[in-house]
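Undergrad: no FASTA, just this:
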C-alpha cells in the first residue's frame, strides 16, 4: 500500500516541527546550589555559581590554549591543495545548506502560526 503524497508531506511537516521543538528545549539542573543549563544537544550553555565569572573565564582560557595546538596539528593537512579545494567546497555547501534549513524553518514557523489560528486557539489578527 502506497502512502499518498499529501500524507508524506504532512508527516514531513510534523517531523520538521518536532525537530524544531526539540532544538528549542533546554535542560536545567540544580545541585548543591550550582545551576547548569544545557541545550537539546547536551551542550553546556551556562553554569551559575558564586564563581561563575571565574569558571567561564577559565573555560575561555582553556579554549584559547588549545586553539594553537589544534592549528599546529592540522598545519600540514591545511597546506595540502587537495584539502584546501575540498574545504572550500564544503564550506560553501554548508552555507547553502544552512540557508536552505533556515528557509524551511521560516516556512514551518509560518505554517505553525497559520495552523494555530485556523484551530481557533486565538483570534487571528485583522491585518
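TA: Sure thing, it's come through. Everything numeric here is computed off the predicted structure, so don't read it as measured data.
Undergrad: Just the buried residues of stretch 102-112, please?
TA: Under the neighbour-count criterion of 16 or more other C-beta atoms under 10 Å, stretch 102-112 has residue 108 buried. From N, CA and C alone the C-beta is placed, and that goes for glycine too.
Undergrad: any low-confidence regions in this protein?
TA: Residue ranges of the chain with pLDDT under 70: 1-5, 112-127.
Undergrad: where along it do the helices fall?
TA: Remark: helices assigned in the chain by DSSP state H are 5-24, 52-79, 81-118.
Undergrad: Out of these, flag the one nearest residue 30.
TA: Nearest of these to residue 30, taken as C-beta to C-beta: helix 52-79 at 13.6 Å.
Undergrad: how near is the closest residue in space to residue 34 that isn't next to it in sequence to residue 28?
TA: Leaving aside its chain neighbours, residue 34 sits nearest to residue 49 (5.0 Å; criterion: C-beta to C-beta, 6 or more residues apart in numbering). Noted for residue 49: a distance of 14 Å to residue 28, by C-beta to C-beta, to the nearest Å.
Undergrad: list residues touching both of those two?
TA: Residues within reach of residue 49 and of residue 28 at once, by C-beta atoms under 8 Å, 6 or more residues apart in numbering, are residue 35.
Undergrad: just to revisit the earlier point, give the full set of residues in contact with the residue nearest to residue 34.
TA: Contact analysis of residue 49 by C-beta under 8 Å, 6+ apart lists 33, 34, 35, 55.
Undergrad: how about those residues, which pair is most distant?
TA: The widest separation within the contacts of residue 49 (C-beta to C-beta) is 13.6 Å, between 33 and 55.
Undergrad: Comparing these two, which shows the higher neighbour count?
TA: Neighbours were tallied for residue 33 and for residue 55 using other C-beta atoms under 10 Å; the higher tally belongs to residue 55 (15 against 8).
Undergrad: What residues does the more buried one make contact with?
TA: Residue 55 is in contact with 47, 49, counting by C-beta under 8 Å, 6+ apart.
Undergrad: likewise residue 73?
TA: Residue 73 touches nothing, counting by C-beta under 8 Å, 6+ apart.
Undergrad: One more: residue 87?
TA: Contacts for residue 87 (C-beta under 8 Å, 6+ apart) come out as residue 78.
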